[in-house]
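Q: Predicted structure and sequence below. I'll ask about it afterward.
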Amino acid sequence: MLNVATVCTGIGAPEKALRNLGISYKLIFFSEIDNPTIKSYCAIHKESESKNIGDLKNFYNYKFNEQIDLLVGGTPCQDFSVAGQGAGGDQDSGTRSSLMWDYLSMVELLKPKVVVWENVSAVINNKHYHNYKKFYFKLMSLGYRIDAHVHNAKYFNVPQNRERMFLIAQRKDCYVPFEHPMGYDSGIRLKHIMDDLPLRNRLPRFKPIIDIKNSKHRIIKCGVSIDNSYKNGNMLISADGISDCLTTKEGNWILCNNGIRKLTAKERFLVMGFDVQDYEACKNARVSTGAMIAQTGNSIVVTVLMAIFGQLYKVDWKRKVYKDRYKTQNELLAELPIFKRTISENQ
């Protein structure tokens, strides 16, 4: 059984991933400051609020007697994100993203066997790379061997284009060979997770996009709002494609079978790799719809963590992630254009 701790915990994607993989764990503590999110977390995972240390900086006030096997933290990304103000995460700067250094101090104190750090891929762009490099080499100096990679959730059986940096640090005295997982497009699209629901009465006016061939990342753009100039909510995308990256806001409009609407909180849970039961647990705990929308936008995608933990702890994760969309290596090879043509010619 793994002793697990999570910080900037959100609604608990790491705990959900471990449970989906059948990996037994004991939660030593979690760290979350938002009250509705704490309520959601405890409802989903049936944990007590007494295990919450609150603000990440509070860990100095606690004494942990048990060895931490796995520490996972998705520290705030807003100041690294392209969508944010670009304030960065310099040490002692006081920005939200500078909490990465408190996370590092926690690693130095607790010396967990495995550390997982998640953040936006923009953390390695030119403006912020100095912080990433400093963080990386500090972990190395603490005795960790590091594997880092940018993963996109759309390759792990959720219909969402969401790139995130995942840094896996293993203590050198207990290192096991590790390769970052390789996913694939399972064919899942928004239409596969969306319910048939009544549409909103008031809709923005859209200017249609005629040439959809240039749509990127399997996001099929159908129109642009002429009533809304904000980034989130001004685009109309098709349910035949996937979603752009979920944020803490409602996001873009979606053209589905019976008209135009936005993703519901329940559907957002599914797009993040959670289950309907997780949504129902939060709903029963009387967490507001607006809070759940924000919580899903702040979360890590469960299926990506399942793939990483599966590689790390040698669990067959692919069937658990892709379920009825699982494909063998030969089936994936057969889908490549060069093999498709060969197969067609031989039939």
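A: Right, received. Where do you want to start?
Q: for stretch 176-185, which positions count as buried?
A: Neighbour counts using 16 or more other Cβ atoms under 10 Å place 178, 180-181, 183-185 of stretch 176-185 among the buried residues. Heads up, the C-betas are built off the backbone N, CA and C, glycines and all.
Q: Which residue ranges of the stretch 101-250 of the chain form strands?
A: Counting by DSSP state E, counting those that start in this stretch, one finds strands in the stretch 101-250 of the chain at the ranges 114-120, 144-152, 163-171, 206-208, 221-225, 235-238.
Q: Looking at the ones you listed, which is nearest to Val287?
A: Val287 lies closest, by Cβ to Cβ, to one member of these: strand 114-120, at 22.9 Å.
Q: The closest one: partners in the sheet, and parallel or antiparallel?
A: Sheet partners assigned to strand 114-120 using DSSP bridges are listed as strand 70-73 (parallel), strand 163-171 (antiparallel).
Q: Can I get it in PDB? Just the C-alpha atoms.
A: What follows is strand 114-120 as a C-alpha-only set of coordinates in PDB (Å, rounded to 0.1, in the frame of the first residue of the first chain):
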ATOM      1  CA  VAL A 114       8.300   9.700  -5.900                       C
ATOM      2  CA  VAL A 115       7.400  13.300  -6.700                       C
ATOM      3  CA  VAL A 116       5.000  14.200  -9.500                       C
ATOM      4  CA  TRP A 117       4.700  17.900 -10.500                       C
ATOM      5  CA  GLU A 118       2.100  19.100 -13.100                       C
ATOM      6  CA  ASN A 119       1.900  22.500 -14.700                       C
ATOM      7  CA  VAL A 120       1.000  24.100 -18.000                       C
END
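Q: what's the angle from that strand to strand 144-152?
A: Angular relation of strand 114-120 and strand 144-152 on a 0 to 180 degree scale: 40 degrees, by axes from the mean of the first three to the mean of the last three Cα atoms, to 10 degrees.
Q: chain center to strand 114-120, what's the gap?
A: 11 Å (Cα atoms, centre = their mean, to the nearest Å).
Q: returning to what we had before: now tabulate the buried residues of stretch 176-185 in JSON lines and tack on distance to Asn131 and pLDDT.
A: Formatted as JSON lines, the entries for these read as follows, by distance: Cβ to Cβ, whole Å; pLDDT from 0 to 100:
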{"residue": "Phe178", "distance to Asn131": "24", "pLDDT": "94"}
{"residue": "His180", "distance to Asn131": "21", "pLDDT": "95"}
{"residue": "Pro181", "distance to Asn131": "26", "pLDDT": "96"}
{"residue": "Gly183", "distance to Asn131": "27", "pLDDT": "95"}
{"residue": "Tyr184", "distance to Asn131": "32", "pLDDT": "95"}
{"residue": "Asp185", "distance to Asn131": "32", "pLDDT": "94"}
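Q: What residues does the closest residue to Lys323 other than its chain neighbours make contact with?
A: Beyond its immediate neighbours in the sequence, the residue positioned closest to Lys323 (Cβ to Cβ, 6 or more residues apart in numbering) is Asn157, lying 7.3 Å away. Under the criterion of Cβ atoms under 8 Å, 6 or more residues apart in numbering, the contact list for Asn157 reads 183, 186, 188, 273, 303, 321-323, 325.
Q: can we see that at 10 Å?
A: 183-188, 273, 301, 303-304, 306-307, 318, 320-326 (Cβ atoms under 10 Å, 6 or more residues apart in numbering).
Q: Residue ranges in this protein under the pLDDT threshold?
A: Scanning the chain for pLDDT under 70 picks out 76-98, 200-202, 210-216, 228-233, 338-347.
Q: where do the helices sit along it?
A: Assigned by DSSP state H, the helices in the chain fall at 13-21, 35-45, 99-110, 129-141, 265-271, 276-284, 289-298, 302-312, 318-322, 329-334, 337-346.
Q: So which residues make contact with the shortest one?
A: Just to be clear, that refers to helix 318-322. Around helix 318-322, the neighbours that count as contacts under Cβ under 10 Å, 6+ apart are 17, 20-22, 155-158, 181-184, 186-188, 273, 302-307, 310, 326-329.
Q: Sweet, I'm off.
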